[in-house]
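> return a 3D structure for these sequence lines:
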Amino acid sequence: MRGMDKYSSDYYRMTGKKYKPGLKSFIQRHLSHNLQFAYYYRKYKERSNIFYRLMLYRLSRKYGLEISPEAQIGEGMYLGHPYNITVGEGVIIGSNVNLHKGCTIGRTNRGNMGSPVIGNCVFIGINATVVGNIRIGNDVLIAPNSFVNIDVPDHSVVIGNPAVVHSKENATGNYVCYLV
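Numbers count the residues shown, from 1 in each chain. Next comes the predicted model:
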């Protein structure tokens with residue numbers, strides 16, 4: 001799937017189908033709010049146009065998708081059950097990352113001050129929180145309702161509050177699909 005633009009890779013990750021511009025994909029994009037948000041997010045990042053910024057604002061208020069345009073998100077973003085997802089400015093997210101309902105990724109202004117850097121092939125479960133100047137490795141599964149404010153090595157599963165890290169090869173095996 002190399003050589004596609006970021007929205008096409010997001011589309012592929014969320015639908016499992018190759019993006020083909022046309023009426024069918026236009027209708028699907030506007031009926032599915034996760035695809036619609038991804039489209040306007042990528043267009044704004046590409047062109048920094050006021051129209052795309054206003055559309056992002058409208059969709060953010062409507063669905064609670066507060067993903068900062070100042071965040072850096074790699075190709076293949078997957079928004080699963082996309083309501084109330086928060087990604088703050090300064091956050092860096094790699095490719096093939098799944099963000100699920102209620103997850104929060106952001107900076108802290110005390111203690112471990114700064115924003116997270118998240119690797120490739122990461123699954124962030126429902127209501128999980130990832131905060132602080134931390135690094136999340138590649139192939140990491142963050143379980144639902146986990147609170148992560150520590151560094152997490154590659155090939156790990158993170159569970160609980162406080163976070164407990166378990167080493168596991170192919171941690172995101174059946175969770176992160178349709179890789180780009």
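> alpha carbons only for contacts and neighbour counts from here, please
OK.
> pLDDT score for residue 26?
On the pLDDT scale, residue 26 is placed at 85.
> with residue 16 instead?
On the pLDDT scale, residue 16 gets 93.
> so what touches whichever helix or strand residue 45 is part of?
Following DSSP states H and E, one finds residue 45 within helix 33-47. Residues from elsewhere that reach helix 33-47 (CA atoms under 8 Å, 6 or more residues apart in numbering): 6-7, 10-11, 14, 28-30, 52-53, 55-56, 59, 63, 69, 77, 79-80, 82.
> check the secondary structure at the spatially most central residue of the chain for me.
With distances taken as CA atoms, centre = their mean, residue 99 lies nearest the centre of the chain, 4.3 Å away. Following DSSP: H, G, I helix; E, B strand; the rest coil, residue 99 is assigned to strand.
> from residue 67, how far off is it?
11 Å (CA to CA, to the nearest Å).
> list residues touching both of those two?
residue 85.
> helices along the chain, start to end?
Ranges of helices in the chain, per DSSP state H, are 6-15, 23-31, 33-47, 50-63.
> indicate which one of those helices is closest to residue 174.
helix 6-15 (13.4 Å; CA to CA).
> can you name every helix or strand that that closest one contacts?
helix 33-47, strand 78-80 (3 or more CA pairs under 8 Å, 6 or more residues apart in numbering; DSSP states H and E).
> the lowest-mean-pLDDT helix or strand in the chain vs helix 33-47, what angle?
Ranked by mean pLDDT, DSSP states H and E, the weakest helix or strand in the chain is helix 23-31, scoring a mean of 86. Between the axes of helix 23-31 and helix 33-47, defined by axes from the mean of the first three to the mean of the last three CA atoms, to 10 degrees, the angle is 100 degrees.
> run through the chain and note the low-pLDDT ranges.
1-4 (pLDDT under 70).
> tell me which residue of the chain is furthest from the middle?
Most remote from the centre of the chain, using CA atoms, centre = their mean: residue 23, at 26.6 Å.
> end-to-end on stretch 125-133?
Stretch 125-133: ends 20 Å apart by CA to CA.
> what comes into contact with it?
98-108, 112-117, 141-150.
> among these, which ones are buried?
98-108, 114-117, 141-150 (16 or more other CA atoms under 10 Å).
> just the ones of the residues you listed in strands?
Residues of those located in strands (DSSP state E): 98, 99, 100, 104, 105, 106, 117, 141, 142, 147, 148.
> any idea of the angle the helix holding residue 45 forms with helix 50-63?
150 degrees.
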